[in-house]
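Colleague: Return atomic coordinates for the entry below.
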Amino acid sequence: MLEFELNAWRGSFHLLVAGRFGAEWTVLFGPSGAGKTTLLRLLAGFDQEHLRGFSRVTFNEIPLTDVERGVHVAPAKRAIGMVAQQPALFPHLSAAANVAYGLQKLDRATRARRVEEMLDLVGAAELAGLRPHDLSGGQAQRVALARALAPEPKLLLLDEPFSALDGQASDLLLDRLKTWVRTHGVQTVAATHDVSDALSAGAEVLLLREGRRAAFGPAAEVLASERARLLDRLGSA
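Modeller: Predicted coordinates:
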């Protein structure tokens, strides 16, 4: 269970939102600038200097952030995997070494096996020896996802993780990922501005508008009007 109350200012943008996520998969939906990335980063433990007053984050009843009480668990200690819009891969490391980066506590054989499994899961096994400058945008996103999954986090945060993939590749990777997180008991929160992504996930949806919670509930209900517009566009295409 992920619970939060966040009051944050970034320049003139004010995020004021609270929520309780208990579903296996939750989608943050809204247009660019609605606050999706800001919310994900605060949940991950970044940008704490923007928080004000009563802000807090709790995961499985463990306080991760509490401004009033001075609680802040560092991002590296939160058992959270995060994939940002721009894959921040280490440029001097191969794809395989990037995936292995957070696995230092494992022995060499186990680490190598985990890296191979994760790259295979995201469809990037053939990229193991390549460095980031040799990867396309979609390939870099796959490697970044594999790196986030490798330590087997308890909570996975995804910020437009498939934006550089075409529709078919995105759908296939989403199906693989949903199976993996279900099998491993990983709660997932994914941000998107694409209504088809939100609906295909079959998830709970938090609809954000201008830093505020506009609606929350099953995707088919929260995004009913968006779905109708999408179907109209497809019908007229």
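Colleague: What are the boundaries of the strands in the chain?
Modeller: Along the chain, counting by DSSP state E, strands occupy 2-10, 13-21, 25-29, 56-59, 62-66, 71-72, 80-83, 155-159, 187-192, 204-209, 212-218.
Colleague: Which elements pack onto the fifth one?
Modeller: When contacts are defined as 3 or more Cβ pairs under 8 Å, 6 or more residues apart in numbering; DSSP states H and E, strand 62-66 sits against strand 56-59, strand 71-72. Every C-beta, even on glycine, is put in place using the N, C-alpha and C of the backbone.
Colleague: With the fourth one instead?
Modeller: Packed against strand 56-59, as judged by 3+ Cβ pairs under 8 Å, 6+ apart, are the following elements: strand 2-10, strand 62-66.
Colleague: so can I have TSV of these showing mean pLDDT and mean neighbour count?
Modeller: Compiled in TSV, the helices and strands packed on strand 56-59 are given as follows (pLDDT from 0 to 100; neighbours: other Cβ atoms under 10 Å):
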stretch	mean pLDDT	mean neighbour count
strand 2-10	96	19
strand 62-66	96	18
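Colleague: Distance to Ala148 added to these, as JSON lines?
Modeller: JSON lines is the format used below for those (distance: least, Cβ to Cβ, whole Å):
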{"stretch": "strand 2-10", "distance to Ala148": "16"}
{"stretch": "strand 62-66", "distance to Ala148": "17"}
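Colleague: which one of the strands of the chain is the most hemmed in?
Modeller: strand 25-29 (a mean of 26; mean count of other Cβ atoms under 10 Å).
Colleague: Run me through the strand neighbours of that strand, direction for each.
Modeller: Sheet pairing of strand 25-29 (DSSP bridges) gives strand 187-192 (parallel), strand 204-209 (parallel).
Colleague: per-residue confidence at Ala219?
Modeller: The per-residue pLDDT reported for Ala219 equals 84.
Colleague: List the residues that contact the spatially most central residue of the chain.
Modeller: The centroid of the chain falls nearest to Leu158 when counting by Cα atoms, centre = their mean (1.3 Å). Neighbour list for Leu158: 40, 82-83, 145, 188-191 [criterion: Cβ atoms under 8 Å, 6 or more residues apart in numbering].
Colleague: coming back round to it: would you turn the strands of the chain into TSV with distance to Leu174?
Modeller: Formatted as TSV, these follow (distance: least, Cβ to Cβ, whole Å):
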stretch	distance to Leu174
strand 2-10	20
strand 13-21	18
strand 25-29	10
strand 56-59	23
strand 62-66	27
strand 71-72	32
strand 80-83	13
strand 155-159	10
strand 187-192	9
strand 204-209	15
strand 212-218	18
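Colleague: can you tell which of those is closest to Asp175?
Modeller: For Asp175, the closest of the strands of the chain is strand 25-29, at 12.1 Å, according to Cβ to Cβ.
Colleague: the bottom helix or strand of the protein by mean pLDDT?
Modeller: When each helix and strand of the chain is scored by mean pLDDT, DSSP states H and E, helix 224-236 comes last, with a mean of 55.
Colleague: Let me see the backbone angles for Tyr101.
Modeller: Tyr101 has phi and psi values of phi -60, psi -40 when expressed as degrees, to the nearest 10.
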